[in-house]
Structures are given as C-alpha cells and as structure tokens.
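*Asks:* Sequence and predicted structure below; questions after.
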Amino acid sequence: MSGTGLRDRGVVVTGAGGGIGRAAARRFASEGARVLIADLDAEGAAATEQRIRSEGGTATTVVGDLSERTVADEVVSTAVERFGGLDVLVNNAGIMDSFAAVADLTDAEWDRVLRVNLSAPFLLTRAALPHMLDKGRGVVVNTASEASLRGSAAGAAYTAAKHGVVGLTKSLAVTYRDSGIRANAIAPGGTATGITVDADPEGQGPTVLAGYGRNIGRVADADEQASAIVFLASSAAGNINGVVLPVDNGWSAV
C-alpha cells in the first residue's frame, strides 16, 4: 500500500498535456492513482496518457476547453464513471497573459485569462464537490502562482486571476473542512514549462515588470512543482488545509 494514500484513488489533473500538469499526472500514476488527463491540447494529452500507460499506470483523457461548463462536467463525470469516484482534483490548467498593464489590456485578453485561470477551476470544483461530499472526503489542489502573492510577477489579467484562485482555495477550505474536504494551492515561481509570453517590450507592463525579474532565482523544473502538488493531495498532508505553498526558491521571501 502506497504511503501517500493515493493508491486506487481517482485523480483529475487539468493541463496535463505538458509541463507541471504532465509531471503531476505521472507522479500520481506512479503512486498507484488512476488519473484523468484533461487538456485542450489533444496531442499533448495523448502523449501524457501513453507515457503513463507505458510506465504501468492507469490513465484516461478528456479533451476540451475547461472554461466551458459542459466540458468541466464531462471531465468529472468521466472520472467518476471510469474510476468509481473522484478523490483528488488538481486545477492546474492555465494560460499566461501578455504582461499588459490595466490601461493597455483588451477585453478579449481579460475575459480569456480569467475564464481559463479562474472560471475553469470554479466550474470543475463545483462539478466535483457533490461526489466528494457523498464520500465524505476529497482534496482540491489548485495551481496559483507567484503572481497570486504580489503585483510584480505578471500582467493585470493573470495577476487578478491568480489572486482569485487563492481566494477560491481559502473559501473552499473553510466552507468544506467539516465535510472532509481539503483545499490547498501551490504558488510556483519561475518554472521551465515551455510556456511563452507574447509581450510588447515597449508596453507599460513589460517595461515596469522587467526590473523585478532578477528576484526569480533558480528556475524550477516541472517535477519540483509536481512533488508539491502530490504532497498536498497525499495523506501526509492530512491536516493541511487552506494553505498557499510557494514553490519558488525563496522568491516570495525577497
């Protein structure tokens, strides 16, 4: 029996087509969990599923835009159907903004960043909660960001969305702690995931924020973030609830 308490648990990992999500999905599978990979990137999701299966793990995939309620509902219902329940939800999927300051931010960018980074975790959590409540247990782990802790790590849209993720996490932790459900978040600092930023180097946001980049320190790899996610989902973190854990090599301490 795995010491993490994750063997045979049903786990959903969003954004598992690459980066932190892929690393987390593989770690959960290595602990004996049954993993549903959710991502908009069909090719990346398929590659993650194939990798897990080749390593002897159990995985299935749902492809779609997680900010759409029907897709969020499909993710949860598929996990429940395939795994007999849903024990852990990892809301990891996200997109970066263009580092635009408020005055330069378009409606389209604001709406898309908020939908993917904040509305999708809400929709997925809302869909998952009835199943967790029926069992009297469950864990939600959200991927926030260094931008959820400060105003100097991203543009206005991403910063607002990730601050919202922290608020959602804390609200869940307080509201459902007596129902056996825990909610925590990691706040990654600089991490090598392959995500690129399409920023105007002459814009107000990038110009101002560039000066804070020296505080990042060593850039993490995706496995380091995944380790924190799996720990927060595990039985070892059984009394940890409502925490936002920086995984940032001390950036948040600067």
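*Replies:* Arrived safely. All figures in this text were calculated on a predicted structure; none of them were measured in a lab.

*Asks:* Is it correct that V90 is in contact with G10?
*Replies:* No - assessed by C-beta atoms under 8 Å, V90 is found out of contact with G10, at 11.7 Å. Where C-beta positions appear, they are placed from N, C-alpha and C, glycine not excepted.

*Asks:* which one of those two has more residues nearby?
*Replies:* It is V90, of V90 and G10, that has more neighbours when counted by other C-beta atoms under 10 Å, with 31 against 23.

*Asks:* looking at this, that one is in a helix?
*Replies:* No - when DSSP: H, G, I helix; E, B strand; the rest coil is applied, V90 is found to be strand, with no helix at that position.

*Asks:* show me what contacts it?
*Replies:* With C-beta atoms under 8 Å, 6 or more residues apart in numbering as the criterion, the residues that contact V90 are V11, V12, V13, T14, G21, A24, V140, V141, N142, T143, I229, A233.

*Asks:* what is it paired to in the beta sheet?
*Replies:* Legend: beta-bridge partners of V90 under DSSP bridges are V13, V141.

*Asks:* quick one: low-confidence parts of the stretch 151-254 of the chain?
*Replies:* Along the stretch 151-254 of the chain, segments meeting pLDDT under 70 are nowhere present.

*Asks:* Tell me where it has helices.
*Replies:* For the stretch 151-254 of the chain, the helices identified by DSSP state H, counting those that start in this stretch occupy 156-176, 204-209, 222-233, in order along the chain.

*Asks:* do you know which of those helices lies nearest G5?
*Replies:* Evaluated over the helices of the stretch 151-254 of the chain, closeness to G5 peaks at helix 222-233, with 9.0 Å, by C-beta to C-beta.

*Asks:* Tell me which of the helices of the stretch 151-254 of the chain sits most buried.
*Replies:* Counting by mean count of other C-beta atoms under 10 Å, helix 222-233 has the highest mean neighbour count of these, with a mean of 22.

*Asks:* Can you name the residues in contact with it?
*Replies:* Here helix 222-233 makes contact (C-beta under 8 Å, 6+ apart) with 4, 6, 11, 19-20, 22-24, 26-28, 31, 88, 90, 92, 139, 141, 143, 184, 186, 188, 191-193, 237, 240, 243, 245, 247.

*Asks:* Give me the number of neighbouring residues for N249.
*Replies:* When neighbours are counted by other C-beta under 10 Å, N249 registers 16.

*Asks:* same check, this time on G238
*Replies:* If you count neighbours by other C-beta under 10 Å, G238 ends up with 10.

*Asks:* Same question for the one 4 residues further on.
*Replies:* The local packing count at G242 equals 16, with neighbours defined by other C-beta under 10 Å.

*Asks:* ok so, going back, can you flag the buried ones in the contacts of helix 222-233?
*Replies:* Buried residues within these, counting neighbours by 16 or more other C-beta atoms under 10 Å: 4, 6, 11, 19-20, 22-24, 26-28, 31, 88, 90, 92, 139, 141, 143, 184, 186, 188, 191, 193, 237, 245, 247.

*Asks:* Let me see the mean pLDDT of whatever helix or strand V62 lives in.
*Replies:* When secondary structure is defined by DSSP states H and E, V62 falls within strand 58-63. With pLDDT averaged residue by residue, strand 58-63 scores 98.

*Asks:* Show the subsequent helix or strand relative to that strand.
*Replies:* Per DSSP H and E, strand 58-63 leads on to helix 69-83 as the next helix or strand towards the C-terminus.

*Asks:* same question for that next one, mean pLDDT?
*Replies:* When pLDDT is averaged over helix 69-83, the result is 98.

*Asks:* Which positions in that helix come out as buried?
*Replies:* Taking 16+ other C-beta under 10 Å as the basis for neighbour counts, the residues of helix 69-83 that come out buried are V71, A72, E74, V75, V76, T78, A79, V80, R82, F83.

*Asks:* do the same with stretch 93-106
*Replies:* A93, G94, I95, M96, D97, S98, F99, A100, D104, L105.

*Asks:* Check what pLDDT the closest residue to the first one other than its chain neighbours gets.
*Replies:* Counting by C-beta to C-beta, 6 or more residues apart in numbering, A93 lies nearest to G15, which is 3.2 Å off, once chain neighbours are set aside. The predicted local confidence for G15 comes out at a pLDDT of 98.
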